[in-house]
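> this one's structure only:
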């Protein structure tokens, strides 16, 4: 599917628009349901990436997947997931699985947050304090 036809591209755009509009409406009706649903989808993604990792790690040397243990990940993936210059496709799979697990956890946590509670995953005061502390350390180091 490297070069999808105009028909395929059109169908994808239409289907994404329908699903996006439907999810938007559903989210406005029941955000908890949507977060729980996305959490379960992300959980399935974690299982899928775990299976992929096992397949790569356990594939015999004669199998095409074995080379993914040592083959470099694409440069864009090495940069996005901070894999370094020697990050392999297997390292990339581990990073993607960790990313999916974080999405899973965030969505399940969001299901239980009530409107009047502070988001346990993001506290603006903590972020401000960290930024201020970094700023002061930078200023103090420039004065020496």
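Received, thanks. None of the values given here were measured: they were computed from a predicted structure. Numbers count the residues shown, from 1 in each chain.
> The host helix or strand of residue 76 - contacts with which helices or strands?
Under the criterion of DSSP states H and E, residue 76 resides in helix 75-80. Judged by 3 or more CB pairs under 8 Å, 6 or more residues apart in numbering; DSSP states H and E, helix 75-80 is in contact with helix 89-111. Just so you know, the C-beta spots here come from the backbone N, C-alpha and C atoms, and that holds for glycine as well.
> pLDDT on the helix it packs on, on average?
Confidence for helix 89-111, expressed as mean pLDDT, is 93.
> Following the chain onward from that helix, which element is next?
helix 124-143.
> Name the residues of that following helix that are buried.
When burial is assessed from 16 or more other CB atoms under 10 Å, helix 124-143 yields no buried residues.
> Any stretches of the chain with poor pLDDT?
Segments of the chain classed as low confidence (criterion: pLDDT under 70) are 1, 143-144.
> Pick out the residue nearest the middle of this structure.
Closest to where the C-alpha atoms of the chain average out (CA atoms, centre = their mean) is residue 99, at 3.8 Å.
> who's in contact with that residue?
For residue 99, the contact set (CB atoms under 8 Å, 6 or more residues apart in numbering) comprises residue 81.
> what about residue 87, distance to residue 11?
35 Å (CB to CB, to the nearest Å).
> again with residue 80
According to CB to CB, residue 80 and residue 11 sit 28 Å apart.
> Residue 106 too?
Taking CB to CB, one finds residue 106 at 31 Å from residue 11.
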